[in-house]
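Novice: predicted coordinates and the sequence they were generated for:
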Amino acid sequence: MPNYYPMMDDYYFGWHLGMSLAWLIFLIVVAYLIYKLIKQEKIFAPSRPVANSAGDILAERYAKGELTRDQYMQMKELLKKDQ
């Protein structure tokens, strides 16, 4: 049977190729966004404790009772002098 519409074969091939490329680009963009999120440690990364300043650590130790009031005040003054 002769093909009465030979141009249609080229049209459908181009349409399928275009859709395949669109899906490929979409998947690449999604993969890149997931990579960036993981790289920035927004997801799938264990949370790390935030490093405290010396003053915060000192206040925490005083609150736990590891230091007396006099020790706390002396160390606090030393920290102020160092800054």
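Specialist: Arrived safely. Quantities reported herein were computed from a predicted structural model and do not represent experimental measurements. Numbers count the residues shown, from 1 in each chain.

Novice: what's the next secondary structure element after the longest helix seen in the chain?
Specialist: For the chain, the helix that runs over the most residues, judged by DSSP state H, is helix 6-39. Remark: after helix 6-39, the chain's next helix or strand is helix 54-64, criterion DSSP states H and E.

Novice: for that next one, buried residues please.
Specialist: The neighbour-count check on helix 54-64 (16 or more other Cβ atoms under 10 Å) flags 58, 62 as buried. Every C-beta, even on glycine, is put in place using the N, C-alpha and C of the backbone.

Novice: got the CA positions of it in CSV?
Specialist: What follows is helix 54-64 as a C-alpha-only set of coordinates in CSV (Å, rounded to 0.1, in the frame of the first residue of the first chain):
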residue,chain,number,x,y,z
ALA,A,54,33.4,31.5,74.2
GLY,A,55,30.8,33.6,76.1
ASP,A,56,28.1,31.2,75.4
ILE,A,57,30.2,28.3,76.6
LEU,A,58,31.1,30.2,79.7
ALA,A,59,27.4,31.0,80.5
GLU,A,60,26.5,27.4,79.8
ARG,A,61,29.1,26.1,82.2
TYR,A,62,27.9,28.6,84.9
ALA,A,63,24.3,27.5,84.4
LYS,A,64,25.3,23.8,84.8
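
Novice: identify all contacting residues around that helix.
Specialist: Applying Cβ atoms under 8 Å, 6 or more residues apart in numbering, the contact partners of helix 54-64 are 52, 67, 69, 72, 75-76, 79.

Novice: same deal with stretch 74-83?
Specialist: The contact list for stretch 74-83, computed with Cβ under 8 Å, 6+ apart, reads 54-55, 58, 67.
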